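>>> Task: produce atomic coordinates for the following.
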Amino acid sequence: MRIEYDIRGLYKKEINEDLMYFLANKLLNYLKKKKLPLEIYLGIDTRKSSPYLASAFTSKFLEYPKTKVNYLGILPSPILYYLSIKNKKVGVMITASHLPSHYNGIKFILPSGGSWIYKNIPQNLKVKKPTVKISYKPIYQKSIFTEYLYEIQKRIAIKEKINIKILKSEKSVNYQLFQLIPLVFKNIKVTKINKIKDDSFHLKSDIDGDRIEIYYNKHLLLPEVLLYIILKLSNYEKVGIPITMHKKIFDLFPEIKFYFVKTGHSNFKSAYQKYKLDFGMEPSYHFYFFKDFQTETPLFVLFKVLEYNEKFKDLKDLGKIFYLKRMEIKKKIDFSKIKDNLMKDGFKIKFFDDFYFYKKIENNYLAINFRQSKTEQNVWRIFIETSEAKHLKNLIKKVKYLLK
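Next up, the predicted model:
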């Protein structure tokens, strides 16, 4: 079981009905202590186990007087966040994010936009079964989805007719949301497709819907390209990014105050409160539109991209200005050996999102970041950046050699 800003683990073995009873109890105590409403929103993802876990949580929560659960069914996590903040009610989401279907989990969103978590979970839970019995089915509420789309439409101006292709998203909670786009945006057509066949816009999403990938001209748009588009179309003054975003963005937007934020939802939400951020973004395609929605709104990025493309028509060229490489490997590595090698080669180290190595050659900047996954065993995410194209190829070669 992994406990950070949310709780995730193997269904039945770690994430089960007893855990739901236990957490429902702890959440209720927290709400009473903080004098928050005893009415909550509850959503689930598309995993087969999610309705059972949601039913168990609700059954225990409703044992107590003056409690109410608004069951929203299957929906993207960002919509749950949006409703919780807008209507000042705690939200509970049954999901394990991007992890495989035999995992599940739970996350909590407070009316302030922050996260709540209970970490002191006993190994052998013994919880009295609830006297109330609730049984949920995996439903969709179309009205919630369309309301969300209308909120996005208020902030977007697109006139051209566009055809968007949806890539293999049936397991994603965003799939139904994507299907409803033409209902609100009359000039947009949405079709389902198994693979990329042409240069048009293609869209892909993860299971719980808190990240999307946008493909154009048969290529995945880089996080830096999306960041550039968002900042170009906005008037943001304070922006949070991890250290693993290309530093050229500072030169392109000198008027913006950038803050380095450690990877993770809770870190960005804390930074929002601390620095009064207008926007934040992670290279894992998480987008925090704090000024506009006070929370994550990944679908908003799609419409920003469409709006940008309508205005400037240079979308396919934007990726050429960022010299970088992102890699993901799954293996045990001798990191101390890698560290010693890089330090001998003149790199300095900064401990931020795990290990960030950097050095300058004349006026050129070179950097490598090694970050170990907190949720997947022996998975390392590596970010390589250079300020000039001539150094990138050799730096990639060096990293691959060190990983052998």
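
>>> list the helices and strands the longest helix anywhere in the chain packs on?
Of all the segments assigned as helix in the chain under DSSP state H, the longest by residue count is helix 17-33. In terms of contacts (3 or more CB pairs under 8 Å, 6 or more residues apart in numbering; DSSP states H and E), helix 17-33 is packed against helix 50-61, strand 90-94, strand 103-109. The way it works is simple: take the backbone N, C-alpha and C, and place the C-beta from them, glycine included.

>>> Give me the contacts around the second one.
The reference is to strand 90-94. Counting by CB atoms under 8 Å, 6 or more residues apart in numbering, the neighbours of strand 90-94 from elsewhere in the structure are 27, 31, 36-37, 40-45, 50, 53-54, 57, 77, 80-81, 83-84, 104-111, 116, 208.

>>> tell me which element the closest residue to Ile3 other than its chain neighbours falls in.
Distances taken as CB to CB, 6 or more residues apart in numbering place Lys119 nearest to Ile3, at 5.2 Å, with adjacent residues excluded. For Lys119, there is no helix or strand it lies in under DSSP states H and E.

>>> can you give me phi and psi for Lys119?
Backbone torsions for Lys119, taken as degrees, to the nearest 10, come to phi -100, psi -20.

>>> can you list the domains in the chain?
If the domains of the chain are taken from automatic domain parsing, they occupy 2-139, 143-320, 322-402, with pieces of a single domain joined by a plus sign.

>>> Tell me how far Asn364 lies from Glu385.
According to CB to CB, to the nearest Å, Asn364 and Glu385 sit 11 Å apart.

>>> And these two? Which one has more around it.
Neighbours per residue (other CB atoms under 10 Å) separate Asn364 from Glu385, with Glu385 holding more: 24 against 12.

>>> what's in contact with the longest helix of the chain?
By CB under 8 Å, 6+ apart, the residues outside helix 17-33 that reach it are 7, 36-38, 40, 52-54, 56-61, 64, 67, 90, 92, 106, 108, 116, 118, 121, 125-130.

>>> Can I get the buried part of those residues as one ChimeraX selection?
Typed into ChimeraX, the line below selects the buried ones among the contacts of helix 17-33, using 16 or more other CB atoms under 10 Å:
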select :7,36,38,40,52,53,54,56,57,58,59,60,61,64,67,90,92,106,108,116,118,127,130
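
>>> how far away is Lys359 from Leu318?
Taking CB to CB as the measure, Lys359 and Leu318 are separated by 27 Å.

>>> Can you pick out the residue with more neighbours from these two?
The residue with the greater number of neighbours, taking Lys359 and Leu318 and applying other CB under 10 Å, is Leu318; the counts read 19 against 15.

>>> List the contacts of the more buried one.
Residues near Leu318 by CB under 8 Å, 6+ apart: Leu222, Val225, Tyr228, Ile229.

>>> Can you read off the backbone torsions of the closest residue to the last one other than its chain neighbours?
Setting aside the residues directly before and after it, Ile229 is nearest to Tyr308 in space (CB to CB, 6+ apart), at 4.5 Å. Recorded main-chain torsions at Tyr308 are phi -60, psi -50, according to degrees, to the nearest 10.

>>> I figured Tyr308 hits Leu231, correct?
No. Assessed by CB atoms under 8 Å, Tyr308 is found out of contact with Leu231, at 10.6 Å.

>>> how close does the residue nearest to Gly91 when sequence neighbours are not counted get to Asn187?
Leaving out its chain neighbours, the residue that sits closest to Gly91 by CB to CB, 6+ apart is Ser84, at 3.5 Å. Shown here: Ser84 relative to Asn187, a distance of 31 Å by CB to CB.

>>> Neighbour count: these two, which is higher?
Summary of the neighbour comparison: Ser84 and Asn187, criterion other CB under 10 Å, with Ser84 having more neighbours (24 against 11).

>>> quick one on the thing from earlier: any chance of the domains of the chain in CSV, plus mean pLDDT?
CSV is the format used below for those (pLDDT from 0 to 100):
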stretch, mean pLDDT
domain 2-139, 92
domain 143-320, 93
domain 322-402, 91
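
>>> coming back round to it: neighbour-wise, which of the contacts of Leu318 leads?
Within those, neighbour counts (other CB under 10 Å) peak at Val225, which reaches 24 neighbours.

>>> Spell out which helix or strand contains that residue, please.
Under the criterion DSSP H and E, the helix or strand holding Val225 is helix 223-232.

>>> In contact with Ile79, which residues are there?
Ile79 makes contact with Gly43, Leu72, Ile144, Phe145, Tyr148, Leu177, Gly209, according to CB under 8 Å, 6+ apart.

>>> what are the ranges of the helices in the stretch 101-250 of the chain?
Ranges of helices in the stretch 101-250 of the chain, per DSSP state H, counting those that start in this stretch, are 142-153, 174-179, 181-184, 223-232, 248-252.

>>> Need these in JSON lines (columns: distance to Ile164).
As requested, those are exported to JSON lines (distance: least, CB to CB, whole Å):
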{"stretch": "helix 142-153", "distance to Ile164": "13"}
{"stretch": "helix 174-179", "distance to Ile164": "8"}
{"stretch": "helix 181-184", "distance to Ile164": "7"}
{"stretch": "helix 223-232", "distance to Ile164": "16"}
{"stretch": "helix 248-252", "distance to Ile164": "26"}
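
>>> Sort out which residues of the one helix or strand Met327 maps to are buried, please.
Element membership of Met327 [criterion: DSSP H and E] is strand 323-330. By neighbour count on 16+ other CB under 10 Å, the buried set for strand 323-330 is Tyr323, Leu324, Lys325.

>>> who are the neighbours of that strand, in terms of helices and strands?
Strand 323-330 sits against strand 379-386, helix 389-402, with contacts defined as 3+ CB pairs under 8 Å, 6+ apart.

>>> so which of the ones you listed is the most packed in?
Greatest average neighbour count among the helices and strands packed on strand 323-330 goes to strand 379-386 (a mean of 21), per mean count of other CB atoms under 10 Å.

>>> Make TSV from the contacts of Leu318 and add distance to Met281 to it.
What follows is those, written out as TSV (distance: CB to CB, whole Å):
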residue	distance to Met281
Leu222	12
Val225	11
Tyr228	11
Ile229	11
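
>>> Which one of these is nearest to Glu255?
Glu255 has its nearest neighbour among those in Tyr228, at 14.0 Å by CB to CB.

>>> Now that closest one: closest residue in space, sequence neighbours ignored.
Here the residue nearest Tyr228, using CB to CB, 6+ apart, is Leu318, at 6.1 Å.

>>> Nice, that's everything, thank you.
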